[in-house]
Structures are given as structure tokens and as C-alpha cells.
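**Student:** A predicted structure for the sequence below; I have some questions about it.
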Amino acid sequence: MTKKLPEISTLIRELIALPSVSSSDPKIDRSNLGVIHLLAEWLENLGFSITVHEVAAGKANLLARLGGEGYVREGLVLSGHTDTVPFDEGQWSCDPFGGIERDGRLYGLGSCDMKTFFALAIEAARSFDAKSLRRPLTLVATADEESTMAGAKYLLAHGLKPGRYAIIGEPTGLKPIRMHKGVMMESIRVTGHSGHASDPSLGANAIEGMHRVIGELLAWRTELQAKHRNPLFKVDVPTLNFGAIHGGDNPNRICGHCELLIDIRPLPGMDILELRQTMEARLAEALADFPKLRVETHPLHDGVPAFESPADSDIVRACEAFSGFAADAVAFGTEAPFFSNLGVETVVLGVGNINQAHQPDEYLPLEQVTPMVNILKSLIGRFCVQRE
Ligand SMILES: [Zn+2]
């Protein structure tokens with residue numbers, strides 16, 4: 001049964017036309033309410049019941065549910081983020097909000113990452129009648145994935161488990177993904193005392209302390225990499241990158257402050273808080289014999305946990321069967337760990353390639369549209385219609 005909605009390419013274009021950039025820079029950060037309201041209108045038209053949760057001023061999540069009366073927290077969830085990254089003015093060869101089609105590609109900000117997924121989910125959902133769904137089909141649209149993950153965090157903080165199984169439609173080129181690494185970005189500050197370079201006893205040198213810190217971090221990295229390994233990842237060990245260092249001002253002054261910025265990518269099974277505590281304890285210990293130096297660590301953001309769904313999970317198996325690809329691992333972070341932490345068995349699976357995301361002339365390869373709609377229809381049939 002097809003209900004009265006525009007065809008799929010029009011849905012995609014209308015979503016792309018509504019700016020919803022999210023950024024930590026308030027000058028370019030935009031509301032996502034335009035996208036939320038448009039989705040609400042379309043989904044209501046298809047018979048979904050809609051709930052909108054305000055996450056922050058001008059930012060909202062949408063939960064839309066079809067069928068499966070009485071089965072709360074069951075069924076299939078199709079989830080995506082409504083926001084996009086900012087775009088480089090002048091570096092696009094076409095209008096980032098235009099949704100122009102050229103040579104089998106549809107160009108636009110969010111075409112691949114990931115507004116198209118909502119249009120595909122709607123296209124798949126419109127061929128089902130609410131009465132035929134034994135368990136609910138729930139569409140989730142979140143806010144601010146690209147900046148703070150506030151939308152996914154809101155779901156977790158409020159215990160809003162939207163269903164039993166979830167597909168997060170990030171660009172994976174139609175391949176199911178069942179694990180990714182986490183991301184942590186940390187600042188480490190060593191504070192000493194400045195003084196005249198001619199007499200070391202006049203100060204406490206923060207650069208010399210940082211030398212000790214770096215040595216300790218390298219030793220810790222070696223230990224972590226010896227202990228944790230996962231062959232599904234291209235880089236099969238956790239990484240620790242030294243990204244930036246700033247300290248001191250003049251050769252003839254003892255350096256009083258030094259700051260190091262690092263990026264850690266933990267494997268599934270490694271806990272962010274535990275890593276932070278270990279790092280803090282090890283660095284304090286490393287500088288224990290420098291009583292005039294103080295070392296402090298603090299996270300630059302909360303961090304994104306690593307994510308893993310078991311290989312034998314029903315949703316992983318179903319995605320493998322319907323896509324024809326074995327489940328794999330990727331290097332980028334998603335909202336999946338927040339769904340996992342709510343007890344939702346989750347797979348990341350969508351159209352487009354992550355290499356096209358976050359850059360000028362982002363596009364959707366149109367030949368992936370029909371296969372993805374068919375995968376989603378099969379998943380809805382399997383998890384919402386079929387008897388358990
Ligand atoms: Zn994304």
C-alpha cells in the first residue's frame with residue numbers, strides 16, 4: 001500500500017534543502033527543528049505516532065512508531081542523525097543544499113551522512129500497513145551527532161529504549177558493521193615554576209616533566225597494544241596519538257607550563273573511564289619524584305565509547321543475509337554504543353561511503369538506493385511482521 005507522499009528523490013532533496021549544521025562554534029550552529037518537523041509531517045501521514053523531545057534550545061529528537069500496539073521496547077528501530085557537519089563555502093562545485101543529480105549521483109550536504117537514510121526508511125515503511133506489524137517499527141531522528149552526541153545521550157540518560165533491534169544508517173556502502181573503536185581526546189598539563197635559565201634551582205621545568213609524561217605514555221601504549229588486539233580492525237590495536245604540544249616561551253626562562261593533547265582509540269571491551277583513571281594514576285606516579293611539578297589531565301569531550309554487537313546476534317545475522325556481506329568493523333565513531341548501552345542490539349548499515357562524508361561535493365551513489373530500501377523492507381518483515 002503506497003500512501004500519498006512525494007517520491008523518494010524528492011524526499012531526499014527536501015531533507016537536504018533544510019540546513020541543520022551542528023557545530024561547537026555557536027556562529028555556525030543551526031537548529032534541527034526544520035528537519036524534525038518535516039519528518040514528523042511525513043511520518044504522521046503514514047500513520048506513525050510521533051513524540052518530539054527537546055534536547056536543548058532549538059534542538060530535538062524525534063521518535064515515531066508504527067504498529068505493534070502493546071509491545072513497548074520491542075521491534076525494529078531505524079535511526080539516524082538529523083544534523084550535518086558545516087560546509088566549506090566556495091569549495092563546492094554545486095549548491096550544498098541543492099540536491100542536484102549528475103551521473104548517477106545526488107550531491108548535497110547530508111546526502112551521504114546521513115539525511116538520505118530517513119527517506120529510505122520512509123520508502124521502506126510506506127509499503128507496510130500498521131495492522132500487519134506484530135511488533136513496532138520505530139524511526140528515531142537525533143540531534144547534534146556531529147558535535148556533542150547530545151541527542152543519543154538524551155535517549156540514554158532518559159532510558160528511552162526505542163526497540164529491541166536497531167539499524168543506524170550511517171554510510172557503510174551497504175555493508176553491515178557490528179563494531180567500531182571508541183574516541184577519547186585528552187589534555188595533559190604539567191605545571192612547574194619559571195625562573196632564570198642560568199640556575200635550575202630557581203624553578204621547576206615543566207618540559208622536563210613532560211618528557212617523563214611522554215615516556216610513561218609510550219610505555220602504557222606498548223602495554224595496551226600487547227594486551228588488546230582485534231583482527232577485524234585494519235589497525236588491529238588501540239592507538240594513542242600525540243597530537244599537539246605547547247610549552248614555555250623563551251630559551252632563557254625555565255618552562256613553567258606545558259600542555260600535551262592526545263587522542264586514544266580504544267577497542268571494544270576497553271572502558272573510557274577506566275582508561276582515564278589508569279592514565280591519571282600512572283602519570284602522577286611518573287612525576288612522584290618531582291615534588292615541584294603538578295600534572296593534571298582532563299578530557300576535551302566526554303568521548304565516544306567503542307561499540308560491539310555479538311557476531312551471532314539476530315540483527316547481525318539478518319543484516320548479513322539481506323545485504324550479502326559479512327559484518328565488519330570500521331574506524332569511525334557513531335551513536336551505536338548509546339543504543340547498545342540501552343540494551344538494543346545494533347548494527348550500522350547505510351548507503352554511501354564514509355570517504356564522501358564531511359567534505360565538499362558530498363554525494364549519494366543513486367545505484368545504492370533500491371538495494372538499501374529492499375534490505376530495510378526485509379528487516380521490517382523479519383523483525384516486525386514475522387512470528388518470533
Ligand atoms: Zn554521520
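**Tutor:** Noted; the coordinates are in hand.
**Student:** For the ion, what's the nearest residue on the protein?
**Tutor:** Asp113 (4.1 Å; C-beta to the ion). (C-beta placed from N, C-alpha, C; glycine too.)
**Student:** That residue: what's its closest spatial neighbour, skipping adjacent residues?
**Tutor:** Ala357 (3.6 Å; C-beta to C-beta, 6 or more residues apart in numbering).
**Student:** Pull the contacting residues for the one you found.
**Tutor:** Val85, Cys112, Asp113, Met114, Pro171 (C-beta atoms under 8 Å, 6 or more residues apart in numbering).
**Student:** what separates the third one from Ile380, distance-wise?
**Tutor:** What it means is Asp113. Relative to Ile380, Asp113 is positioned 23 Å away (C-beta to C-beta, to the nearest Å).
**Student:** Can you tell me which of the contacts of Ala357 end up in strands?
**Tutor:** The members of those all map outside strands under DSSP state E.
**Student:** about what we covered before: look up phi and psi at the residue nearest to Asp113.
**Tutor:** phi -80, psi 160 (degrees, to the nearest 10).
**Student:** so how far is Gly110 from it?
**Tutor:** 9 Å.
**Student:** can you give me the helices in the chain?
**Tutor:** Assigned by DSSP state H, the helices in the chain fall at 8-17, 33-45, 116-125, 150-157, 206-227, 272-286, 314-323, 336-341, 369-380.
**Student:** count of neighbours near Leu76?
**Tutor:** 28 (other C-beta atoms under 10 Å).
**Student:** Can you tell me the closest non-neighbouring residue to it?
**Tutor:** Phe383 (4.0 Å).
**Student:** Do I have it right that the one you found meets Tyr71?
**Tutor:** No: using C-beta atoms under 8 Å as the test, Phe383 is too far from Tyr71 to be in contact (11.2 Å).
**Student:** For the two, indicate the residue with more neighbours.
**Tutor:** Higher neighbour count among Phe383 and Tyr71: Phe383, with 25 against 16, using other C-beta under 10 Å.
**Student:** Deepest-packed of the helices of the chain, please.
**Tutor:** A comparison of the helices of the chain by mean neighbour count, using mean count of other C-beta atoms under 10 Å, puts helix 116-125 on top with a mean of 26.
**Student:** Which strands or helices does it pack on?
**Tutor:** Contacts defined by 3 or more C-beta pairs under 8 Å, 6 or more residues apart in numbering; DSSP states H and E place helix 116-125 against helix 8-17, helix 33-45, strand 76-81, strand 137-142, helix 369-380.
**Student:** just the angle between the longest one and helix 8-17, please?
**Tutor:** When you say that, I think you mean helix 33-45. Comparing the axes of helix 33-45 and helix 8-17 via axes from the mean of the first three to the mean of the last three C-alpha atoms, to 10 degrees yields an angle of 150 degrees.
**Student:** Lovely, talk soon.
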